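In: pasting the sequence and the predicted model now:
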Amino acid sequence: MKWLLKLFDAMRPMFDEKKGVFRLFTPIFETAENIFFYPADRTKAFPHVRDPLDLKRYMGTVIVAMFPCVAAAVYYFGPRVLAMILMSYVVGGIVEVSFAIIRKGEIHEGFFVTGMIFPLVLPPSTPLWVVGVGIFFGTFFGKEVFGGTGRNIFNPALVGRIFVTIAFPTIMTSGWDAPGAWRGVADAVATATPMALFKTQHVLTPWFDLLIGNTAGSIGETFHLGIILGGIYLIYAKVCDWRIPAFYLGSVVLFSALGSSVPALEAKVAPPLFQLLGGGLLFGAMFMATDPVTSPSTKVGKWLFGVFCGLLTVLIRSFSGYVEGVMFSIVIMNAFAPLIDHVVLAVKYKEARTG
Amino acid sequence: MKFAKELIKGLWKENPIFRLVLGMCPTLAVTTSLENGLGMGIAATFVLVCSNMVISAVRNVIPSKVRIPCYIVIIASFVTMVDLLMNAFAHQLHAKLGIFIPLIVVNCIILGRAEAYASKNPIRLSMADGLGMGIGFTMALALLGTVREIIGSGTLTLWGSIGWNLGAYVDQSLIFMILPPGGFVTLGCLLALMNHIQSTIARRNKQVFEPPRAMDCRHCIICKWGE
């Protein structure tokens, strides 16, 4: 790796922020350097922690945790999935880099996660240009307009997903590829998702099929075993707090158990196990609700956030025109995250302030 | 001279939509097409000019304690006139705009100009102020309507006769743009564009440009691009 270090050292003057020939592209140079080594500028004042820990490692862990989902998606829905991820990275990367250049700031690694999550929450048959438009909208209006990574109110991947859902209803609901259809393994080319089957025909998909992902659905959400493993890894690596997924899933179980035990609502509210393993609940709870930027940062706030996400998910799934409520519930609660934190802190430090 | 100054300020410097950010309700709701935006703007302009003139004429008679009810009565009578006139002569447009015609009564631009300008200034200047503000409002609505109609439904029509259909070139229109969220997105983009133009002009004149505080847009520094 020595030659690479030498190369970067030789190139550094050219990318100097003030005098360099390519000063417009300083952010790109710094990012490339960060990927191979560590940031060139160190912390000057103490305390010093001898660990090059930054956003990059957090984001890298999330990508690793999502790997099983991606592998399963390629197995079930074909190599087209990789093209969609590539498209998402290219378009999202162009937006991110151009904003870094305009702001003269640095390129944040956050977009590696957004660019990965976004194609994973789309139907497998989504045209590539829709992927591009969606990720553009998500990064531009969901993140950059608010000031970039760390300042966004809503999860950018979900903003993009909701945008394409509203903007191209015909494309997004036209059909779901059956798993294995690209290899000619499945009986039918297109089929309905488990959630839609329950809503329209009141059919419960067997739980084992749901667990190993042998159902139709968004690219990354079907292989629930891999999502559970990835989520446990994330919690073990302390990248995400256990409270949000635990309280989110717990409240879904609680409210759906309550709902499905009432005879009058039995036809509308699915039983708890099906709610957990059907649709995008696990994916949302593990990878999207835990986004450190758009979820509350207090401990009590985190479990409040999870409980309300769960309640909204069950309500939207059971009583609205949409079959799936995970993305809406997370985005709605994203809007309340700062308020939750504010209230929690105000209640907690009431005595300290008044006394 | 003063007349012209009052007339021009509403077009750009104090544009009710892009600078004062007033009257957001009709702005977001009716601008799904150029025709709707233009119709709404013209109706509001008529009410604005007439009410400004009448309020200015009776400004010394109205006791200040009950001035707001008096303004509302005057504005409401003109709105009723517009409502009935549009129903008679532009029935289709009237049907499209629906509830937003009677709602001109509580349009904050009209009440705001009555309170801030017409109640303190002579008739001639009040008329200029109303006309300028009205034209500024109409221009803004037409701009929003044009953008949203072209992207949202792929057409551009004016009074049903002058039509331009993009349907032959595109097979996918962005329905999102004629839905309410599209209104917010378009308005936000246009506001950002206006701020960018303003900041560029200010920089050229060696002045400091601060975006309106009400917009709280300190973090998105797109408008400072090129500094």
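Out: Nice, I can see it.

In: can you pull the buried residues of the longest helix seen in chain B?
Out: As assigned by DSSP state H, the longest helix anywhere in chain B is helix B:123-153. Neighbour counts using 16 or more other C-beta atoms under 10 Å in any protein chain shown place B:125-153 of helix B:123-153 among the buried residues. Quick note: C-beta positions are derived from backbone N, CA and C, even for glycine.

In: close to chain A, is it?
Out: No. Against chain A, helix B:123-153 shows no contacts by C-beta under 8 Å from any C-beta of the partner chain, the least distance being 9.8 Å.

In: other SSEs contacting that helix?
Out: helix B:2-9, helix B:24-30, helix B:34-57, helix B:108-113, strand B:155-158, helix B:180-204 (3 or more C-beta pairs under 8 Å, 6 or more residues apart in numbering or on different chains; DSSP states H and E).

In: how about 6 Å then?
Out: Applying 3 or more C-beta pairs under 6 Å, 6 or more residues apart in numbering or on different chains; DSSP states H and E, one finds that helix B:123-153 contacts helix B:2-9, helix B:34-57, helix B:180-204.

In: out of these, flag the one nearest residue A:330.
Out: helix B:180-204 (17.3 Å; C-beta to C-beta).

In: for that closest one, name the packing helices and strands.
Out: By 3+ C-beta pairs under 6 Å, 6+ apart, helix B:180-204 packs against helix B:123-153.

In: can we see that at 10 Å?
Out: On a contact count with 3 or more C-beta pairs under 10 Å, 6 or more residues apart in numbering or on different chains; DSSP states H and E, helix B:180-204 meets helix A:128-142, helix A:156-167, helix B:24-30, helix B:123-153.

In: which single residue of the stretch 51-200 of chain A ends up nearest chain B?
Out: Residue nearest to chain B within the stretch 51-200 of chain A (C-beta to the nearest C-beta): residue A:147, separated by 2.9 Å.

In: ok, that residue touching residue A:103?
Out: Yes. Counting by C-beta atoms under 10 Å, residue A:147 touches residue A:103, with 8.9 Å between them.

In: so, low pLDDT: which residues of the chain?
Out: Since no chain was named, I'll use chain A. A:1, A:17, A:34-55, A:174-175, A:185-190, A:351-355 (pLDDT under 70).

In: my question was about chain B, not that one.
Out: Applying pLDDT under 70 to chain B flags residues B:159-163, B:166-171, B:209-227.

In: just to revisit the earlier point, ok, which of the helices and strands packed on helix B:180-204 comes nearest residue A:328?
Out: If you check each of those against residue A:328 by C-beta to C-beta, helix A:156-167 wins as the nearest, at 7.4 Å.

In: which elements pack onto that closest one?
Out: Applying 3+ C-beta pairs under 10 Å, 6+ apart, one finds that helix A:156-167 makes contact with helix A:80-103, helix A:110-120, helix A:128-142, helix A:169-172, helix A:326-348, helix B:180-204.

In: from residue A:326, how far off is residue A:217?
Out: 12 Å (C-beta to C-beta, to the nearest Å).

In: kindly report the residues of chain A close to chain B.
Out: Neighbours of chain B within chain A, by C-beta under 10 Å from any C-beta of the partner chain: A:99, A:101-105, A:127, A:129-130, A:133, A:137, A:140-141, A:144-148, A:150-152, A:162-171.

In: which ones are touching residue 130?
Out: In the absence of a named chain, this looks at chain A. A:84, A:87, A:122-123, A:164, A:167-168, A:171-172, B:172 (C-beta atoms under 10 Å, 6 or more residues apart in numbering or on different chains).

In: wrong one, chain B
Out: B:6-7, B:10, B:45-53, B:55-56, B:109-110, B:113-114, B:117-118.

In: and what of residue A:25?
Out: Per C-beta under 10 Å, 6+ apart, neighbours of residue A:25: A:14-15, A:97, A:100-101.

In: ok, now how distant is residue A:319 from residue A:326?
Out: 15 Å.

In: between the two, which one's more packed in?
Out: Set residue A:319 next to residue A:326 and count neighbours by other C-beta atoms under 10 Å in any protein chain shown: residue A:326 wins out with 28 against 12.

In: domain assignment for chain A?
Out: A:14-38+A:55-176, A:241-355 (automatic domain parsing).

In: one more: chain B?
Out: Under the assignment automatic domain parsing, the domains of chain B span B:2-165, B:175-224.

In: number of residues surrounding residue 66?
Out: Just so you know, I chose chain A. Applying other C-beta under 10 Å, we find 24 residues neighbouring residue A:66.

In: wrong one, chain B
Out: Other residues close to residue B:66 by other C-beta under 10 Å number 9.

In: wait, is it part of a strand?
Out: No. Under DSSP: H, G, I helix; E, B strand; the rest coil, residue B:66 sits outside any strand and is assigned helix.

In: format the domains of chain A as CSV; extra columns: distance to residue B:79.
Out: Shown next, in CSV, are the domains of chain A (distance: least, C-beta to C-beta, whole Å):
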stretch, distance to residue B:79
domain A:14-38+A:55-176, 34
domain A:241-355, 35
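
In: residue B:187 is nearest to which of these?
Out: Closest among the domains of chain A, once you apply C-beta to C-beta, is domain A:14-38+A:55-176, at 12.5 Å.

In: who touches residue B:18 in this structure?
Out: B:12, B:136, B:139-140, B:143, B:187, B:190-191, B:193-195, B:197-198, B:212.

In: out of the domains of chain B, nearest to residue A:275?
Out: domain B:175-224 (28.5 Å).

In: ok, now which ones touch residue B:132?
Out: Residues near residue B:132 by C-beta under 10 Å, 6+ apart: B:3-16, B:45, B:48-49, B:113.
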